[in-house]
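[1] Here's a sequence, model it:
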Amino acid sequence: MGKAAGVSHAYLAIASILEIAGLVSAALSNSLIDRNALFQHYYPLSWLPIITPLVLLAYLFTPWLFHKIRPTLDLISPISMLTPFFYHLLFFLISGLALALLGILTGNINLRPDSALILNSFAIAWSIGFITPGAPPGIGIREALLLQLLTPLSGEGLALILVLLFRLVIIGGDITFYAMSQFSPSKEKTWP
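    Predicted structure coming up:
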């Protein structure tokens with residue numbers, strides 16, 4: 001659609017790179033909500049506080065780098081990159097809250113002082129599933145990581161049920177939004 005609208009391949013590629021960098025940096029930042037609980041239950045992720053600021057800085061200064069490589073591209077300030085970053089951060093926070101709410105409603109998760117782990121577990125599982133090559137949208141990898149991260153909170157059996165229910169909620173949401181987009185009485189958009 002972007003090409004049909006006259007947007008160059010370079011701008012489309014840059015937009016994709018910035019979106020990926022924004023999502024990964026927001027997921028990593030969100031995963032540090034309660035890092036003490038995270039490291040207590042899953043020590044191999046202790047590298048997150050080291051890499052997260054580096055990924056965030058790389059995201060904020062990527063437009064500057066693109067401008068240096070290709071001066072004809074518009075220069076975007078790092079401050080303006082914070083708006084999409086906060087939207088991505090909000091996505092991961094709401095997803096973590098939805099997972100926590102599902103766990104509470106089904107009785108699969110008992111709230112304890114270390115329950116903040118459930119808020120950052122989705123972000124961790126999403127980001128690792130996203131960057132894993134050959135895994136279409138992280139399917140399987142995301143669930144395996146969620147299972148491993150949620151097991152300390154509820155035990156393996158209840159965590160497995162929660163992970164499968166959360167996958168069903170995600171699929172249900174995708175189907176609902178697709179149906180809404182197909183059957184909504186909106187006009188077809190024309191590009192200038």
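[2] pLDDT weak spots in this structure?
    For the chain, applying pLDDT under 70 flags the ranges 33-49, 71-73, 108-115, 135-139, 186-192.
[3] which secondary structure elements does the longest helix along it contact?
    Ranked by residue count under DSSP state H, the longest helix found in the chain is helix 156-183. If contacts are counted by 3 or more CB pairs under 8 Å, 6 or more residues apart in numbering; DSSP states H and E, helix 156-183 sits against helix 82-106, helix 141-154. C-beta: built from backbone N, CA, C; applies to glycine.
[4] what helices or strands is the first one leaning on?
    Packed against helix 82-106 by the contact rule (3+ CB pairs under 8 Å, 6+ apart) you find helix 9-30, helix 48-69, helix 117-131, helix 141-154, helix 156-183.
[5] got the buried residues for the longest helix of the chain?
    158, 159, 160, 162, 163, 165, 166 (16 or more other CB atoms under 10 Å).
[6] Residue 95 contacts residue 125, correct?
    No: with contact defined as CB atoms under 8 Å, residue 95 does not reach residue 125; the gap is 10.0 Å.
[7] so the longest helix of the chain versus helix 82-106, what angle?
    Taking axes from the mean of the first three to the mean of the last three CA atoms, to 10 degrees, one finds helix 156-183 and helix 82-106 inclined to each other by 120 degrees.
[8] In the chain, which residue is most central in space?
    residue 27 (4.8 Å; CA atoms, centre = their mean).
[9] who has more neighbours, residue 95 and residue 125?
    residue 125 (26 against 19; other CB atoms under 10 Å).
[10] Spatially nearest residue to that one, not counting backbone neighbours?
    Of all residues not flanking residue 125 in the chain, residue 145 sits nearest, at 3.9 Å (CB to CB, 6 or more residues apart in numbering).
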